[in-house]
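Visitor: One predicted model, sequence on top.
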Protein chains: 2
Amino acid sequence: MQFKPTPGRPGRLPEPRSPIADDGDETRFCGTCAFSSACIAAGYDKPELAELQCLVEHVGPFRVGEHIFRTGDPFRAIFAVRSGTVKTRMVDKEGREQVLGFYLPGEVIGLNAIYPEHFPCDAVALDTAYFCRFSFPAMSALASRVPAVQQHLFRMLSKELGTASLLAGDHSADERVAAFLLDLGNRYAVRGFSGAQFHLSMSRGDIANYLRLAAETVSRVLSRFRAQKLIAIEGRELELLNVAALRKIGEALLPD
Amino acid sequence: MQFKPTPGRPGRLPEPRSPIADDGDETRFCGTCAFSSACIAAGYDKPELAELQCLVEHVGPFRVGEHIFRTGDPFRAIFAVRSGTVKTRMVDKEGREQVLGFYLPGEVIGLNAIYPEHFPCDAVALDTAYFCRFSFPAMSALASRVPAVQQHLFRMLSKELGTASLLAGDHSADERVAAFLLDLGNRYAVRGFSGAQFHLSMSRGDIANYLRLAAETVSRVLSRFRAQKLIAIEGRELELLNVAALRKIGEALLPD
DNA sequence: CGGCTGCCTTGATCCGGATCAATTGCGCCA
DNA sequence: TGGCGCAATTGATCCGGATCAAGGCAGCCG
């Protein structure tokens, strides 16, 4: 439906000017992508390169609110975010939305569809977004021949298993919000963006839904954190002013 | 530590008499194991069999409270539950426990350790429990040569990604408990046990912790469900009397 | 320009489940 | 057999966050 791949050429992208977009330099993007080790380890000097090239397809742009995939779509590929932001969500039969996660440039969506063979959730663009699309059958076939690719897939899947922890536990609104902000910051930092100052691509409602809070509660907590000079926030522009204090608040939810 | 593999022989097990234990008939057990398709598809008539045999090691028994692995242990293998029940849990630095999941015969633990290369959680026996231990390096190597094994690993990992949903969402205590009981029943049924009448190997406290409720709340909900004739429960012996009604209560959390 | 529509913020009230507390029941061991 | 300890149940109270309600603010379009 809203699925509009570009003509399928890995050429220069049409003006990706989101603040978190890559600058059009593919090598630089690939350095920050979750697949980098798979793509690069496969070796640009090896014969496998040709296959990797042909199994990757650049798709986009998707505009705000457009679906990258929908619940029930047959699973054929996974997607690495090149630029923009995505939320994944389930909608239950009463029509209530359930946000499962947010995905930043360099991160990968669709892994939870391998087993059911159909996407179990929607993926919706929160920004104008571009992707690398990896055909999964081709990827598995490649993985059989290139152990580095296989290992990379295992690791990505396993890594995602550890990501449920922000939701787990009965934690206070303060803890959740602090941990959420720090997690986002870390993930931006890992991908080479500023981890202290960034744009929240998602609405307060989406954050609240993801954290299992009411939107009003998120708003109140953010206001309080601002009053306490832990953060500066104006609309969706955020700056982390006192990471140490935030970490203290959210520590029960954070790694180490 | 408490890690005591049996002499490493796939012979008959020493009296596994838990109601959910396999009866010592290995073929029958393997038919219900999550690995069955991997083990069986590998083919008892193919040369790979030899490798599969040598990468599987039978370990156990583990007694109530003993650890199969501990947080921080280096990751070398995954474990399929042969009989008994296991909980996985994290303990934060304040010493609070967080139950991540319960694993029944035929299910697999340890997949979330692939990426970090160390176990990110403890696995604790709730019953006397026996396992098949699969060396992961050997398993990956085999997966490279046998596509069915690789695919099976991908599917198991992906499947586990979908399992966070019982916790997700802000759902009422009734919804959570109903969904939990039905989920357990389904999982027993899939493995060939009774899905309507079974033993809860875990304490009320563990259930509560897993569902992010207080133990008192779980107790109250179970008492109410009993009063409403939805279940019969005495201690840890449970019977589902009105599955349809339970399904209605828990539907927001359940598949389809 | 003016009205409309989302999104966000802030205030007031309410309720589900946590917490505190007391009791019972059961298995275990001396 | 009695006593100890742990798990479970049940009751009473309390509180964090949901819900309801009322603006504020920015972008959009006629």
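Guide: Good, I have the coordinates.
Visitor: DNA strand C contacts on chain A?
Guide: Within reach of DNA strand C by CB under 7 Å from any atom of the strand, chain A has these residues: A:170, A:203-205, A:215-216, A:218-220, A:222-223, A:233, A:235-236. (C-beta placed from N, C-alpha, C; glycine too.)
Visitor: List just the nearest of the residues you listed to residue B:58.
Guide: Proximity of the residues of chain A next to DNA strand C to residue B:58, judged by CB to CB, is greatest for residue A:170, which lies at 38.1 Å.
Visitor: for chain B, what are the nearby residues on the stretch 151-256 of chain A?
Guide: A:151, A:153-162, A:164-165, A:167-170, A:212-213, A:251-252 (CB under 8 Å from any CB of the partner chain).
Visitor: returning to that earlier point: of all the residues of chain A next to DNA strand C, which two lie farthest apart?
Guide: Longest distance between any two of the residues of chain A next to DNA strand C is 30.5 Å, between A:170 and A:235; criterion CB to CB.
Visitor: DNA strand D next: which of the residues of the stretch 151-256 of chain A next to chain B are close?
Guide: Restricting these to those touching DNA strand D (CB under 7 Å from any atom of the strand) yields A:212, A:213.
Visitor: now the helices: where do they sit in the stretch 101-250 of chain A?
Guide: Ranges of helices in the stretch 101-250 of chain A, per DSSP state H, counting those that start in this stretch, are A:136-145, A:147-161, A:173-190, A:204-211, A:215-227, A:243-250.
Visitor: quick check, the longest one touching DNA strand D?
Guide: Yes. Remark: helix A:173-190 sits within contact range of DNA strand D at A:173, A:174, by CB under 7 Å from any atom of the strand.
Visitor: That helix packs against which elements?
Guide: For helix A:173-190, the contact count by 3 or more CB pairs under 8 Å, 6 or more residues apart in numbering or on different chains; DSSP states H and E identifies strand A:197-199, helix A:204-211, helix A:215-227, strand A:237-240, helix A:243-250 as packing neighbours.
Visitor: CA atoms only for stretch A:88-103 - export them in PDB, please.
Guide: Listed next in PDB are the C-alpha coordinates belonging to stretch A:88-103 (Å, rounded to 0.1, in the frame of the first residue of the first chain):
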ATOM      1  CA  THR A  88       6.600  -0.800  16.000                       C
ATOM      2  CA  ARG A  89       3.300  -1.500  17.600                       C
ATOM      3  CA  MET A  90       0.500  -4.000  18.000                       C
ATOM      4  CA  VAL A  91      -3.100  -3.100  17.800                       C
ATOM      5  CA  ASP A  92      -5.400  -5.400  19.800                       C
ATOM      6  CA  LYS A  93      -8.900  -6.400  18.700                       C
ATOM      7  CA  GLU A  94     -10.400  -3.600  20.800                       C
ATOM      8  CA  GLY A  95      -8.300  -1.200  18.800                       C
ATOM      9  CA  ARG A  96      -5.900  -0.300  21.600                       C
ATOM     10  CA  GLU A  97      -2.400   0.400  20.400                       C
ATOM     11  CA  GLN A  98       0.600  -1.100  22.100                       C
ATOM     12  CA  VAL A  99       4.000   0.400  21.200                       C
ATOM     13  CA  LEU A 100       6.700  -2.200  21.200                       C
ATOM     14  CA  GLY A 101       9.700  -0.200  20.400                       C
ATOM     15  CA  PHE A 102      11.400   2.700  18.700                       C
ATOM     16  CA  TYR A 103      14.200   2.200  16.100                       C
END
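Visitor: near chain B at all, it?
Guide: Yes. Under the criterion of CB under 8 Å from any CB, chain B is reached by stretch A:88-103 at A:90, A:92, A:93, A:94, A:96, A:98, A:100.
Visitor: Looking at those, which is nearest residue A:129?
Guide: Using CB to CB, residue A:100 is the member of the residues of stretch A:88-103 next to chain B that lies nearest residue A:129, at 16.8 Å.
Visitor: For my notes, confirm the closest one occurs in a strand.
Guide: Yes. The assignment for residue A:100 by DSSP: H, G, I helix; E, B strand; the rest coil puts it in a strand.
Visitor: Not counting residues beside it along the chain, what's closest to it?
Guide: When the adjacent residues along the chain are set aside, residue A:100 lies closest to residue A:88, with 4.5 Å between them (CB to CB, 6 or more residues apart in numbering or on different chains).
Visitor: Contacts only, for residue A:86.
Guide: For residue A:86, the set of contacting residues under the criterion of CB atoms under 8 Å, 6 or more residues apart in numbering or on different chains consists of A:68, A:102, A:103, A:109, A:123, A:124, A:125, A:126, A:129.
Visitor: wait, doesn't the last one sit right on residue A:84?
Guide: Looking back up the chat, that one is residue A:129. Yes. The pair residue A:129 / residue A:84 is scored as a contact, 2.7 Å apart, by CB atoms under 8 Å.
Visitor: Now for those two: what residues contact both?
Guide: Counting by CB under 8 Å, 6+ apart, the contacts common to residue A:129 and residue A:84 are A:60, A:61, A:62.
Visitor: returning to what we had before: look at residue A:170 and residue A:235 and report which has more neighbours.
Guide: Neighbour count, other CB atoms under 10 Å in any protein chain shown: between residue A:170 and residue A:235, residue A:170 has more, with 14 against 7.
Visitor: In contact with the closest residue to that one other than its chain neighbours, which residues?
Guide: Of all residues not flanking residue A:170 in the chain, residue B:212 sits nearest, at 4.5 Å (CB to CB, 6+ apart). Applying CB under 8 Å, 6+ apart to residue B:212 gives the contacts A:168, A:169, A:170, B:167, B:176.
Visitor: And those, which is closest to DNA strand D?
Guide: Nearest to DNA strand D out of these is residue A:170 (CB to the nearest atom of the strand; 8.5 Å).
Visitor: got CSV for the helices of the stretch 101-250 of chain A, with mean neighbour count, mean pLDDT and distance to residue B:72 too?
Guide: Rendered in CSV, the data for these read as follows (neighbours: other CB atoms under 10 Å in any protein chain shown; pLDDT from 0 to 100; distance: least, CB to CB, whole Å):
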stretch, mean neighbour count, mean pLDDT, distance to residue B:72
helix A:136-145, 18, 90, 29
helix A:147-161, 20, 90, 16
helix A:173-190, 20, 95, 21
helix A:204-211, 21, 96, 28
helix A:215-227, 16, 97, 33
helix A:243-250, 17, 95, 21
